[in-house]
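A.B. asks: Got a sequence here, can you model it:
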Amino acid sequence: MLVRYFAAARAAAGVEEEHHDLPEGTSLEGLIAAVLAVERPEPPAGTPPLARIVSRSSFLRNEIAVRDRSAALGADDVVDVLPPFAGG
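C.D. replies: Coordinates of the predicted model:
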């Protein structure tokens with residue numbers, strides 16, 4: 001599965017995207033656990049930790065919103081992590 005990070009999630013993760021080799025049918029929650037298990041460098045000053053950002057983020061699977069974190073994912077899915085955005 002390819003995970004792409006945007007805005008503060010990108011800063012906290014320290015990468016724009018990364019691959020996770022998880023079994024077909026892994027839930028979004030399982031993917032989130034794998035993402036948070038990766039050892040990462042300290043985020044830039046003023047950036048919340050990735051776990052805090054992810055807990056408040058929205059997710060897209062193959063460009064479609066996913067609200068059910070128990071939803072099964074496919075091995076070739078692309079999951080976007082979209083933190084809350086400010087502004088208007």
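A.B. asks: CA only for contacts and neighbour counts going forward, please
C.D. replies: OK.
A.B. asks: Mind listing residues that contact the longest helix along the chain?
C.D. replies: In terms of residue count, the longest helix belonging to the chain (DSSP state H) is helix 28-37. For helix 28-37, contacts defined as Cα atoms under 8 Å, 6 or more residues apart in numbering pick out His20, Leu22, Leu50, Ala51, Val54, Asp68, Arg69, Ser70, Ala71, Ala72, Leu73.
A.B. asks: Over to stretch 58-65?
C.D. replies: Contacts of stretch 58-65 (Cα under 8 Å, 6+ apart): Val66, Arg67, Asp77, Val78, Val79, Asp80, Val81, Leu82, Pro83, Pro84.
A.B. asks: Need the distance between the two termini of it.
C.D. replies: Length of stretch 58-65, first residue to last, Cα to Cα, to the nearest Å: 8 Å.
A.B. asks: buried sites along that stretch?
C.D. replies: Phe59, Leu60, Arg61 (16 or more other Cα atoms under 10 Å).
A.B. asks: So what's the residue count around Phe85?
C.D. replies: 10 (other Cα atoms under 10 Å).
A.B. asks: Check the gap between it and Thr26 for me.
C.D. replies: From Phe85 to Thr26 the distance is 28 Å (Cα to Cα).
A.B. asks: Kindly report the same for Val3.
C.D. replies: 14 Å.
A.B. asks: neighbour count winner among these two?
C.D. replies: Remark: of Val3 and Thr26, Val3 carries more neighbours, 21 against 16, as counted by other Cα under 10 Å.
A.B. asks: I'd assumed Val54 was in contact with Ala12.
C.D. replies: No: under the criterion of Cα atoms under 8 Å, Ala12 makes no contact with Val54, lying 9.8 Å away.
A.B. asks: who has more neighbours, those two?
C.D. replies: Ala12 (25 against 21).
A.B. asks: Just list what the helix or strand hosting the more buried one packs against, helices and strands only.
C.D. replies: For Ala12, the host element (DSSP states H and E) is helix 8-13. Packing partners of helix 8-13 (3 or more Cα pairs under 8 Å, 6 or more residues apart in numbering; DSSP states H and E): helix 50-55.
A.B. asks: Average pLDDT for the helix it packs on, rounded please.
C.D. replies: Averaged across helix 50-55, the pLDDT comes to 96.
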